[in-house]
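Asks: how would this look folded up:
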Amino acid sequence: MKTDWNTNYITWSKLVATYGADSSQAQNPSDPQAFIWLNNQKALRRAGKLGSQEEATLAREGIDWDYGYVPETAKTKKARKKSKPSKAWTEKVNALLAEVTNRSWVEIRQSCDEFALLCTQIGTAKKKNKLSQSLIEALNVEAFIWDWQGYKKGLAFDARIVELEDIKSVYGDANLSRKLAKQIGKLELFNWQVNIRTAARRGKITQAQIMRLKGLGVWFDKGDGSFHDLHDEMESWFEVNGHSNLPTSHPLYPAQALLRREYRNDALSPIKKAMLDKLDFDPNWKAGEASIQARVNGIIAYHDDHGSFEGLQHAGHVKTQVRQDYLHDRLTDDQIAALESRGFEWSERKVRESVPEKVMRLLKFYREHGHMYVPYDHELGAAVNNLRTKYNRDEMPEQDVALLNAIGFPWDGRSGAAVRRKAA
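Replies: Numbers count the residues shown, from 1 in each chain. Okay, here's the model as predicted:
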């Protein structure tokens, strides 16, 4: 008997060492034998029948004696009939206790036979105060599963965890995309992931279950979900075009630009970086650089051949595109210098204002208004909007980003109206 106790104790203590005494794995073991043994120790202690040495050993491990135990209240005592329980319930409980010596409670419940039905009846009888405390204690000593539905959910959750562990071992990530789920026949597991995230946000799963999922790298933050949506699109683009660089016209291009900045700043997890590296992701790629350089070279070549830009009217759209590139700060300093040295005129903006100059104007606006949420119709509004556009497209030099961060420039202007009303 002592050998069986030691064997079960060793099994349970390993769960405590791995997950902690307050974890669901230690408090509610998935192993039926360990589960029955643990609840048996608690019931024996409540009945005063647990040895002092065993009690001290379990206490050192940090056992929660009251976990899962609902003591009888004065109200239920009053509601419970004072008469002895009927002979029928005593016989039913004894029959069930005799059966559990041959099968575990889980096996009995899953068998759907007359003993499984008897378990359901006894659970209902307890709720209706038809069982005596002595019968309840007798069942508790054998670790009777009162909440079978909750226990089944725990078993199903454990099975899903095993599936996710297999997915992670094969694909390096436990987060399934719909596309991958279809390919490997795991759409049911994908839908479960979606539902479990919703359940977590609504507080319908335990913190211990959330930590088990996070331990596998399952994401719960919406930003992580956006990453996987972007990755799926980049993967499709890579399969068709041989690269993962989305064009500027693509609706996910701004998100990809921000992703490049996060990659360069080491703000991505190793798993995400590995996923991007498989797509030959270039964190330093900038959209349209080659076509912009071609336009600039063409205009410069025309000037050098003809001595002026006057004969370039037939290709006026090229000049317009270059002026737009200049307006949105997509030209390098060398390109601007090469064009200006040849007398090229920026009709849309005669004087190109630098970021430090814009910072000085922003600081003046802050001194006057107490914030930097510049309205669009203000003389500085277009410049501020241009700064945010460049930042979101990942087209702003890092030193300019650092300078604007230093003065507390608000990159997101959506709350500007509320701030201005409050300051007025």
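
Asks: which regions of the stretch 1-150 of the chain lie under the pLDDT threshold?
Replies: In the predicted model of the stretch 1-150 of the chain, residues 1-3, 68-86 satisfy pLDDT under 70.

Asks: go again using 80 as the cut-off
Replies: Judged by pLDDT under 80, the stretch 1-150 of the chain has its weakly predicted residues at 1-4, 22, 24, 32, 66-87, 106, 142-143, 147-150.

Asks: Hmm, Tyr373 and Tyr366 touching each other?
Replies: No: between Tyr366 and Tyr373 there is no contact under CB atoms under 8 Å: 9.9 Å. (Each C-beta comes from the backbone N, C-alpha and C, glycine too.)

Asks: Neighbour count: the two, which is higher?
Replies: Tyr373 (20 against 16; other CB atoms under 10 Å).

Asks: Would you list the phi and psi of the more buried one?
Replies: phi -90, psi 80 (degrees, to the nearest 10).

Asks: got the CA coordinates for the helix or strand hosting Arg367 in PDB?
Replies: Using DSSP states H and E, Arg367 maps to helix 355-369. The C-alpha coordinates for helix 355-369 follow below in PDB (Å, rounded to 0.1, in the frame of the first residue of the first chain):
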ATOM      1  CA  VAL A 355      12.800  68.100 -40.800                       C
ATOM      2  CA  PRO A 356      14.800  70.200 -38.300                       C
ATOM      3  CA  GLU A 357      13.000  73.300 -39.700                       C
ATOM      4  CA  LYS A 358       9.600  71.500 -39.300                       C
ATOM      5  CA  VAL A 359      10.600  70.700 -35.700                       C
ATOM      6  CA  MET A 360      11.200  74.300 -35.000                       C
ATOM      7  CA  ARG A 361       7.800  75.200 -36.300                       C
ATOM      8  CA  LEU A 362       6.200  72.400 -34.300                       C
ATOM      9  CA  LEU A 363       7.800  73.600 -31.100                       C
ATOM     10  CA  LYS A 364       6.500  77.100 -31.800                       C
ATOM     11  CA  PHE A 365       3.000  75.600 -32.300                       C
ATOM     12  CA  TYR A 366       3.300  73.700 -29.100                       C
ATOM     13  CA  ARG A 367       4.200  76.800 -27.100                       C
ATOM     14  CA  GLU A 368       1.200  78.600 -28.500                       C
ATOM     15  CA  HIS A 369      -1.400  75.700 -28.200                       C
END
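
Asks: which other helices and strands contact the next helix-or-strand element following that helix?
Replies: Counting by DSSP H and E, the next helix or strand C-terminal to helix 355-369 is helix 381-392. Applying 3 or more CB pairs under 8 Å, 6 or more residues apart in numbering; DSSP states H and E, we find helix 381-392 packed against helix 253-264, helix 355-369.

Asks: which other residues reach the longest one?
Replies: Helix 355-369 is contacted by residues 372, 374, 378, 380, 383-384, 387, 400, 403-404, 407, 409, 420, 423 when judged by CB atoms under 8 Å, 6 or more residues apart in numbering.

Asks: name the helices or strands packed onto the longest helix anywhere in the chain?
Replies: Secondary structure of the chain per DSSP state H: the longest helix is helix 148-171. Judged by 3+ CB pairs under 8 Å, 6+ apart, helix 148-171 is in contact with helix 105-111, helix 114-127, helix 187-201, helix 207-215.

Asks: Please parse the protein into its domains.
Replies: Per automatic domain parsing, the domain ranges recorded for the chain read 2-60, 74-146, 150-215, 222-277, 289-340, 355-423.

Asks: before we move on, back to that, please compute how far the longest helix of the chain lies from its chain's middle.
Replies: 18 Å (CA atoms, centre = their mean, to the nearest Å).

Asks: Kindly report the same for stretch 297-306.
Replies: That offset, for stretch 297-306, works out to 53 Å (CA atoms, centre = their mean).

Asks: Output that stretch as PDB, restricted to C-alpha atoms.
Replies: Extracted in PDB, the C-alpha atoms of stretch 297-306 (Å, rounded to 0.1, in the frame of the first residue of the first chain):
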ATOM      1  CA  ASN A 297      18.400  59.500 -64.900                       C
ATOM      2  CA  GLY A 298      16.200  60.100 -67.900                       C
ATOM      3  CA  ILE A 299      15.600  63.800 -67.100                       C
ATOM      4  CA  ILE A 300      19.300  64.300 -66.400                       C
ATOM      5  CA  ALA A 301      20.300  62.600 -69.600                       C
ATOM      6  CA  TYR A 302      17.900  64.800 -71.600                       C
ATOM      7  CA  HIS A 303      19.300  67.900 -70.000                       C
ATOM      8  CA  ASP A 304      22.900  66.900 -70.600                       C
ATOM      9  CA  ASP A 305      22.100  66.200 -74.300                       C
ATOM     10  CA  HIS A 306      20.000  69.300 -75.000                       C
END
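
Asks: how about it: buried residues?
Replies: The neighbour-count check on stretch 297-306 (16 or more other CB atoms under 10 Å) flags 299-300, 302-303 as buried.

Asks: number of nearby residues for Met234?
Replies: 21.

Asks: And Leu117, by the same measure?
Replies: With other CB under 10 Å as criterion, Leu117 counts 11.

Asks: so which helix or strand takes in Gly298?
Replies: Secondary structure (DSSP H and E) places Gly298 in helix 289-306.

Asks: what does that helix rub up against?
Replies: By CB under 8 Å, 6+ apart, helix 289-306 touches 309, 311-312, 315, 318-319, 321-322, 325, 330-331, 335, 338-339, 342-344.
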